[in-house]
Every structure is written in structure tokens, then in C-alpha cells.
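Asker: Task: produce atomic coordinates for the following.
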Amino acid sequence: MFSWFANPHRFVKLSDWLVPACYVLAAVGILWGLWQGLWIVPKDDYQGGDIMRVMFIHVPAAWLAMASYLGMAVMSFVWFIWRHEVADIAAKAIAPLGATWTALCLATGAIWGKPTWGTWWQWDDARMMSVLFMFFLFLGYMALRAAMDTRQKAARAGAILAMVGALNVPLIKFSVDLFTSLHQDASVITAEGPKMAAVYLWPLLISSFGHTLLFAALVMTFMRAEIWTRRAAQLRARLMTGD
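Answerer: Numbers count the residues shown, from 1 in each chain. Have a look, this model is predicted:
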């Protein structure tokens, strides 16, 4: 099944209509979720009043930060085992976007944390530090690829770093359970089901769905650009050699 999508020509053809559809649906989901979250839903005084509305940006960013790293690691694994070039292209495309959403997660977490916990940052907090470490892993992945002199070396080095770094993602998820943390416990994805009231849960889920579609659309856009760049490089090489 993956071999079908691993063909660059098929991917470009599929993304011709999938990318614009994702952009449109992403805009609807994000705008509706933010409208509900920032202006419609009642404030929760227990969570700090109006400042809790940053949740509708922070939580989708946090989920996507972890999901994007896992996606990068999975695509790296696929390339490492089967050498599917589209998988490497996907991993390369995910990295800057994953770093962006991770930075958004860290920034909105600090904004939420200052009035709630009385501090912008806590250096001994396991959740904060593991997310910060993931941000540096994204940056390290991009820097490592850029430092290699061939595309194959870049793909191999990046894949190894991405796969090893994936061990940090479960630490982020379970850090509040394993270590002392200022961060609240999970309230959406729990063994007992969501602990959040529906009036908050649905706008949060729809906003998260919109963020996910936006992320997917941007990844595919970056992948298309990389595929066309490689095709252009191959064409120039053929013209130079006279083939």
C-alpha cells in the first residue's frame, strides 16, 4: 500500500486536489474553533479565568508537536528500511513545521503558565524540559541534514537522529504522571475518557482538527516543492552531460 504512495508522480497527482481541500477545511476548523474558544465558551475561573482560552491554541500545538515528531520518526524509519524517497522527503518537510508548532506550544504554555502558576518557566519541570528538548531535536535534525555533503548522507544521519529522538515522545506524554510537574494532568485523552466539559471539548477538538489539516497541507506543499526541486536538479544534470 505504501509503495503506491511512495511514487513521487502519484503523490504529486494526489496532492493536486488534496492540498487545496486541506487548506479550506483547515481554515474552517481553526477559525470556528478559535471563535468558539476565544469568544463564545464561558471562562473557567478554576483554570484562571479568561487566560484559560489560550488552551484552544496551546493544546492543538502540543498535540501536533508530538505527532509531528512521531511522523518524522516513522517516515525516517520507512526510508531507512525500504529507501522510499518520498518518505525521506516527508521527514524533511515535517521538521521545520514540527519545530514551529513546538515553539508555539512552548510560547503559549508560558503565557498560560505565568498567571496560573506564577512563573513563565520552571527549569526542573519534566514536561517543559522534555518539550524543549524535542524542539532542539527538530533543530538538530535540520542542522545535521544541512551539514551533510550528499543527499543520501543527509537522509541517513537525519533518520538515525529522528528514530533515536522518538524515545522522548513517550516521556513528554507521561512526564506529569512519572515526575513532579506544574503541568496539569491529562483531561482529554485518559483511560476514563475526557474529563473536560463538552462546551470546551468540542471547540478544542475542532480547532485541533483544523490545525492538523493545516499541518498536513503545509507538509504536502513542502514535499511538492522538494520533489520539483529534485526533478529540476536532475534535468539540469542531464542537460549538462548531454543525455
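Asker: which element is the residue sitting nearest the centre point of the chain on?
Answerer: Using Cα atoms, centre = their mean, the residue of the chain that lies closest to the mean C-alpha position is Ser68, 3.2 Å off. Counting by DSSP states H and E, the element that carries Ser68 is helix 55-82.
Asker: And Asp149, by the same measure?
Answerer: Per DSSP H and E, there is no helix or strand for Asp149.
Asker: likewise Trp121?
Answerer: Counting by DSSP H and E, Trp121 is found in no helix or strand.
Asker: Would you check how far apart it and Ala110 are?
Answerer: Using Cβ to Cβ, to the nearest Å, Trp121 is found at 6 Å from Ala110. C-betas here are computed from N, CA, C, even on glycine.
Asker: next one: Lys153
Answerer: In terms of Cβ to Cβ, Lys153 sits 37 Å off from Ala110.
Asker: Low-confidence regions, the chain specifically.
Answerer: The chain contains residues with pLDDT under 70 at 1-5, 45-48, 180, 186, 189-191, 242-243.
Asker: Which parts of it are helices?
Answerer: 2-5, 8-35, 55-82, 85-117, 126-147, 151-165, 168-178, 198-241 (DSSP state H).
Asker: Which strands and helices lie in contact with the third one?
Answerer: Using 3 or more Cβ pairs under 8 Å, 6 or more residues apart in numbering; DSSP states H and E as the contact criterion, the secondary-structure elements in contact with helix 55-82 are helix 8-35, helix 85-117, helix 126-147, helix 151-165, helix 168-178, helix 198-241.
Asker: Return the distance of it from the chain's centre.
Answerer: Centre-to-centre, helix 55-82 and its host chain are 5 Å apart (Cα atoms, centre = their mean, to the nearest Å).
Asker: Mind listing what's buried along that helix?
Answerer: For helix 55-82, a neighbour-count test (16 or more other Cβ atoms under 10 Å) marks 55-69, 71-80 as buried.
Asker: Would you convert the helices of the chain into a markdown table that also reports distance to Gly49?
Answerer: Formatted as a markdown table, these follow (distance: least, Cβ to Cβ, whole Å):
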| stretch | distance to Gly49 |
| --- | --- |
| helix 2-5 | 46 |
| helix 8-35 | 18 |
| helix 55-82 | 12 |
| helix 85-117 | 8 |
| helix 126-147 | 22 |
| helix 151-165 | 37 |
| helix 168-178 | 23 |
| helix 198-241 | 14 |
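Asker: Please name whichever of those is nearest to Val41.
Answerer: The minimum distance between Val41 and the helices of the chain falls on helix 198-241, with 5.4 Å, by Cβ to Cβ.
Asker: what angle separates that closest one from helix 151-165?
Answerer: Angle, helix 198-241 to helix 151-165, by axes from the mean of the first three to the mean of the last three Cα atoms, to 10 degrees: 160 degrees.
Asker: before we move on, back to that, excluding covalently adjacent residues, which one is nearest to the residue nearest to the centre of the chain?
Answerer: Among residues not flanking Ser68 along the chain, Gly98 sits closest, at 3.5 Å (Cβ to Cβ, 6 or more residues apart in numbering).
Asker: For burial, what's the neighbour tally of the one you found?
Answerer: The tally of other residues near Gly98 (other Cβ atoms under 10 Å) stands at 28.
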